[in-house]
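Asks: show me the folded form of this:
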Amino acid sequence: MEVKPGDLEACDPEFQRRHAGWITRALHTWFRVDVRGMEHLPQGPFVGVGNHGGAALIPDTLVWVGTYHTSGRKPPLVTLAHDGMFDAYPRPLASALAKLGAVRARREIAVEALRRGYAVQVYPGGDHDACRSFFRRNEIVFAGRKGYVELAREAGVPIVPVVSVGGHEALIVLWDGVPLASRLGLDRRFRLKAFPLTWSLPWGLWLGPLPGYLPLPAKIRVRVLPPIFPEGDDIDAIDARVRASMQHAANELAREQRFPWIG
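Replies: Residues are numbered from 1 along each chain as shown. Now for the predicted structure:
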């Protein structure tokens, strides 16, 4: 059977060993990365739940995934990603990201990955989160999505919140364009929930998904929080607990950030 980018089988540990190191060093240098809380990571499979910013580039996600891959931690990590990463990106880029652990955001893929002993990183907010306006850059936005709780509960693994700030300062999102995406039917045809108006280098003002951009040298801070076990309470209560812990951490990190681009 042909293995395509986005399939679980496309992950390539040898490719990760060769390339994750230099990619991560470059990201840490440009974004002056500060990652803490790695000691909270379990030794076995878990569902990592995070927030992310920076529209199409999502630099905070790249920082976190690279940090994990180069930390020597077990289990191996895969990250659920939007179909556009595999269908719209140039094939060599999509293939490289797949080898680095990006898989399609499909429940069956996530369940199978956990069954095989992987950790699975998810971003429930999707476009709503990655394209929220600059003035909401430090908000935790999940858009009412709670499937990550069901996934962790079904697999019997803990939820590990991973909070970041700074990634949404790599460009300026002036408007998320969610109503426009809905009006154009992009949410139904392409699973695009946002159609943002952004300011970035070198494009200046741009409406819609960006064809890449030069990120501003924002300082990215990441905190790994203690695991939350999805037991006892109902799904709504667990989701509320996860989001509350993440928002508290995001508020603290934002106070450390003080000024955009200076950190």
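Asks: what about the strands in this structure?
Replies: Secondary structure of the chain (DSSP state E): strands located at 34-36, 47-50, 77-81, 102-104, 119-122, 159-165, 172-175, 197-200, 204-207, 221-224.
Asks: of these, which is nearest Pro92?
Replies: Closest approach to Pro92 among the strands of the chain is made by strand 102-104 (13.8 Å; CB to CB). In this view, the C-beta of every residue, glycine as well, is placed from N, C-alpha and C.
Asks: okay, which residue is most central for this structure?
Replies: Central residue of the chain (CA atoms, centre = their mean): Thr61, 4.3 Å from the mean position.
Asks: surely that one meets His52?
Replies: Yes. Shown here, Thr61 and His52 form a contact pair, counting by CB atoms under 8 Å, at 4.6 Å.
Asks: between those two, what contacts are shared?
Replies: Tyr123, Gly167 (CB atoms under 8 Å, 6 or more residues apart in numbering).
Asks: what pLDDT does Val157 get?
Replies: Here the pLDDT value assigned to Val157 is 97.
Asks: for it, give me its contacts.
Replies: Pro42, Gly44, Pro45, Phe46, Val47, Leu114.
Asks: same deal with Leu225?
Replies: Going by CB under 8 Å, 6+ apart, Leu225 touches Gly37, His40, Val160, Pro161, Val162, Val163, Ser245, Met246, Ala249.
Asks: now swap in Trp175 and tell me
Replies: Ser133, Pro196, Leu197.
Asks: would JSON lines of the residues you listed with distance to Arg106 be doable?
Replies: Putting the contacts of Trp175 into JSON lines (distance: CB to CB, whole Å) gives the following:
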{"residue": "Ser133", "distance to Arg106": "29"}
{"residue": "Pro196", "distance to Arg106": "25"}
{"residue": "Leu197", "distance to Arg106": "30"}
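Asks: counting neighbours, what do you get for Val224?
Replies: 22 (other CB atoms under 10 Å).
Asks: so it sits right up against Phe46, yeah?
Replies: No. In this structure, Val224 is not within contact of Phe46 by CB under 8 Å, at 10.6 Å.
Asks: and for those two, which residues touch both?
Replies: If you check Val224 and Phe46 against CB under 8 Å, 6+ apart, the residues they both contact are Val160.
Asks: from the contacts of Val157, list the buried ones, please.
Replies: Buried members of these, scored by 16 or more other CB atoms under 10 Å, are Pro45, Phe46, Val47, Leu114.
Asks: who touches the second one in this structure?
Replies: Shown here is Phe46, whose contacts under the criterion CB under 8 Å, 6+ apart are Ala119, Val120, Ala152, Val157, Pro158, Ile159, Val160, Pro227.
Asks: pull the longest helix from the chain.
Replies: Across the chain, the longest stretch assigned as helix under DSSP state H is helix 235-257.
Asks: burial of the nearest residue to Ala218 once chain neighbours are set aside, as a residue count?
Replies: Leaving aside its sequence neighbours, Ala218 sits nearest to Glu169 (CB to CB, 6 or more residues apart in numbering; 3.6 Å). Close neighbours of Glu169, defined as other CB under 10 Å, add up to 27.
Asks: distance of Glu169 from Ile220?
Replies: 8 Å (CB to CB, to the nearest Å).
Asks: same check, this time on Leu210
Replies: Applying CB to CB to Leu210 and Ile220 gives a distance of 18 Å.
Asks: which one of those two has more residues nearby?
Replies: Set side by side, Leu210 and Ile220 show more neighbours around Ile220, with 31 against 16, by other CB under 10 Å.
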